[in-house]
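A.B. asks: Sequence isn't available, so here's the structure alone:
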């Protein structure tokens with residue numbers, strides 16, 4: 001719409017504009033979705049701290065629409081610049097007209113699009129990132145909050161500027177105070193984690209709420225998590241369910257799973273409702289939901305008990321290297337059950353995979369198998385190694401086993417002080 005409004009300023013011959021616009025539209029239509037998505041994610045990704053890739057739905061409807069609009073507008077802008085630069089004599093007065101007729105708001109948006117264009121091409125042009133920062137700063141100085149948010153990202157990751165987390169926080173704060181939802185989420189994340197700011201759960205919840213009220217699904221999910229854990233707010237399962245449901249209605253798979261957790265752990269629990277939401281998330285490849293749905297079938301909570309169905313869901317999650325599912329499946333296969341034949345070889349492989357992924361139960365079991373020599377060559381040193389890892393994560397059985405080894409000098413040097421330490425830790429845990 002903004003491009004259309006500048007039509008009379010940009011081109012004396014409207015056919016030129018239409019020709020370029022049609023060319024750009026063809027390019028966008030024929031571009032592979034995967035490539036376009038990769039470019040969008042590279043610019044808008046919240047970074048590794050979130051530990052998951054956000055879908056367009058999970059950044060909120062406004063942000064998703066804006067992302068697509070920016071990519072389209074950047075492509076148009078690139079072609080406009082190429083067109084104007086072909087005729088220097090004509091382009092200079094036309095650019096001056098554009099600048100003169102633009103409002104402050106439009107100039108800010110124009111510089112933002114210019115900056116985004118450079119960012120999208122930064123992978124092919126070493127200077128593009130610094131040029132992007134220059135344009136984004138002009139836009140931010142003119143009051144465009146989206147530019148302040150992007151400057152926060154650039155400063156945080158060192159794109160186009162020297163990495164400066166303090167500066168990133170200030171840019172995000174500026175954008176957040178202008179009601180930019182993404183900046184509010186980023187700022188909430190920093191306070192939640194105590195990352196470059198003092199950890200403050202109440203402040204995190206405050207910023208999540210502001211973004212959640214604007215319809216950002218990730219903020220709604222995060223705010224729901226605050227209510228279900230009581231971090232920064234008074235613990236309130238009903239309020240948690242409200243925000244999880246709002247995020248789930250926008251397609252957030254994580255919120256569907258979290259909604260299942262609320263029902264499963266409520267007072268009283270509603271396992272049938274929990275299964276309903278676990279299944280919805282599991283069908284969308286959420287490994288946590290697949291694992292918990294497996295346990296519902298294994299224990300008969302909310303569904304008829306069915307070990308074969310439990311194994312099916314655990315195996316799906318285990319394929320994605322979900323440690324808890326790997327351990328759950330290994331436990332089932334090591335014992336066998338109705339419709340599930342015992343398979344010790346497969347169980348040991350899964351216990352090892354889960355143990356290497358940090359699962360304490362699997363580490364404890366692997367220690368037991370090495371100590372007893374069941375399914376593997378007996379190796380006391382290896383048993384102690386795995387028990388120590390499990391004990392450090394709080395697994396009481398492993399703490400007791402490790403204490404006994406320290407007391408007897410089996411698999412490790414005899415150390416009564418170390419043995420007493422682990423006996424005491426286990427005793428204090430009951």
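C.D. replies: Right, received. Where do you want to start? Because the structure is a prediction, the values reported are computed rather than measured.
A.B. asks: for this protein, where's the lowest mean pLDDT among helices and strands?
C.D. replies: Within the chain, no helix or strand scores below helix 7-10, which has a mean of 38 by mean pLDDT, DSSP states H and E.
A.B. asks: correct me, but residue 408 touches residue 414?
C.D. replies: Yes: using Cβ atoms under 8 Å, residue 408 is in contact with residue 414, at 7.0 Å. The way it works is simple: take the backbone N, C-alpha and C, and place the C-beta from them, glycine included.
A.B. asks: shaky segments in the stretch 101-250 of the chain?
C.D. replies: When residues are selected by pLDDT under 70, those of the stretch 101-250 of the chain lie in 101-102.
A.B. asks: And for residue 350, nearest residue in space, chain neighbours not counted?
C.D. replies: residue 330 (3.7 Å; Cβ to Cβ, 6 or more residues apart in numbering).
A.B. asks: which other helices and strands contact the host helix or strand of the one you found?
C.D. replies: Using DSSP states H and E, residue 330 sits in helix 323-335. Contacts defined by 3 or more Cβ pairs under 8 Å, 6 or more residues apart in numbering; DSSP states H and E place helix 323-335 against helix 287-299, helix 307-319, helix 344-356, helix 360-372.
A.B. asks: so which of the ones you listed gets nearest residue 147?
C.D. replies: helix 287-299 (36.3 Å; Cβ to Cβ).
A.B. asks: wouldn't residue 210 be in contact with residue 177 here?
C.D. replies: No: counting by Cβ under 8 Å, residue 210 stays clear of residue 177, with 9.6 Å between them.
A.B. asks: quick one: which of the two has more around it?
C.D. replies: Between residue 210 and residue 177, residue 210 has the larger neighbour count (other Cβ atoms under 10 Å), namely 22 against 14.
A.B. asks: Which strand or helix spans the closest residue to that one other than its chain neighbours?
C.D. replies: Spatial nearest neighbour of residue 210, excluding adjacent residues (Cβ to Cβ, 6+ apart): residue 184 at 4.8 Å. Residue 184 belongs to helix 181-193 when elements are defined using DSSP H and E.
A.B. asks: just how off-centre is that helix within its chain?
C.D. replies: Relative to its chain's centre, helix 181-193 lies at 13 Å (Cα atoms, centre = their mean, to the nearest Å).
A.B. asks: Could I get the buried residue list for it?
C.D. replies: Residues 181, 182, 183, 184, 185, 186, 187, 188, 189, 190, 191, 192 are the ones in helix 181-193 that count as buried (16 or more other Cβ atoms under 10 Å).
A.B. asks: And for residue 154, the neighbour number?
C.D. replies: 25.
A.B. asks: surely it meets residue 163?
C.D. replies: No: applying Cβ under 8 Å, one finds residue 154 not in contact with residue 163, separated by 9.3 Å.
A.B. asks: Burial check on the closest residue to residue 334 other than its chain neighbours, number of neighbours?
C.D. replies: Counting by Cβ to Cβ, 6+ apart, residue 334 lies nearest to residue 347, which is 3.9 Å off, once chain neighbours are set aside. Using other Cβ under 10 Å, the number of residues around residue 347 comes to 21.
A.B. asks: before we move on, what about residue 229?
C.D. replies: By other Cβ under 10 Å, 12 other residues sit near residue 229.
A.B. asks: nearest spatial neighbour of it, skipping sequence neighbours?
C.D. replies: Here the nearest residue to residue 229 in space, its sequence neighbours aside, is residue 235; by Cβ to Cβ, 6+ apart that works out to 7.3 Å.
A.B. asks: just residue 182 next, same as before
C.D. replies: Excluding the flanking residues, the one nearest residue 182 by Cβ to Cβ, 6+ apart is residue 149, at 5.4 Å.
A.B. asks: Just the buried positions in the helix or strand hosting that neighbour, please.
C.D. replies: Following DSSP H and E, one finds residue 149 within helix 145-157. The neighbour-count check on helix 145-157 (16+ other Cβ under 10 Å) flags 145, 146, 147, 148, 149, 150, 151, 152, 153, 154, 155, 156 as buried.
A.B. asks: now stretch 118-132
C.D. replies: Neighbour counts over stretch 118-132 (16+ other Cβ under 10 Å) mark 118, 119, 120, 121, 122, 128, 129, 131, 132 as buried.
A.B. asks: What is the end-to-end distance of it?
C.D. replies: 5 Å (Cα to Cα, to the nearest Å).
A.B. asks: now stretch 367-378
C.D. replies: Note: stretch 367-378 ends 10 Å apart using Cα to Cα.
A.B. asks: Helix, strand or coil: sort out residue 305 for me.
C.D. replies: What DSSP: H, G, I helix; E, B strand; the rest coil gives for residue 305 is coil.
A.B. asks: That one: neighbour count?
C.D. replies: Using other Cβ under 10 Å, residue 305 is surrounded by 14 other residues.
A.B. asks: what do you get for the one 4 residues further on?
C.D. replies: The tally of other residues near residue 309 (other Cβ under 10 Å) stands at 17.
A.B. asks: Is the nearest residue to residue 224 once chain neighbours are set aside within a helix or a strand, and which one?
C.D. replies: In space, and not counting its chain neighbours, residue 224 is closest to residue 243: 3.7 Å by Cβ to Cβ, 6+ apart. Assessed by DSSP H and E, residue 243 sits inside helix 237-249.
A.B. asks: Provide the contact partners of that helix at residue level.
C.D. replies: 58, 212, 217-218, 220-221, 223-228, 233, 254-256, 258-259, 262-263, 266-267, 277 (Cβ atoms under 8 Å, 6 or more residues apart in numbering).
A.B. asks: In this structure residue 188 contacts residue 208, no?
C.D. replies: Yes: with contact defined as Cβ under 8 Å, residue 188 reaches residue 208; the gap is 4.4 Å.
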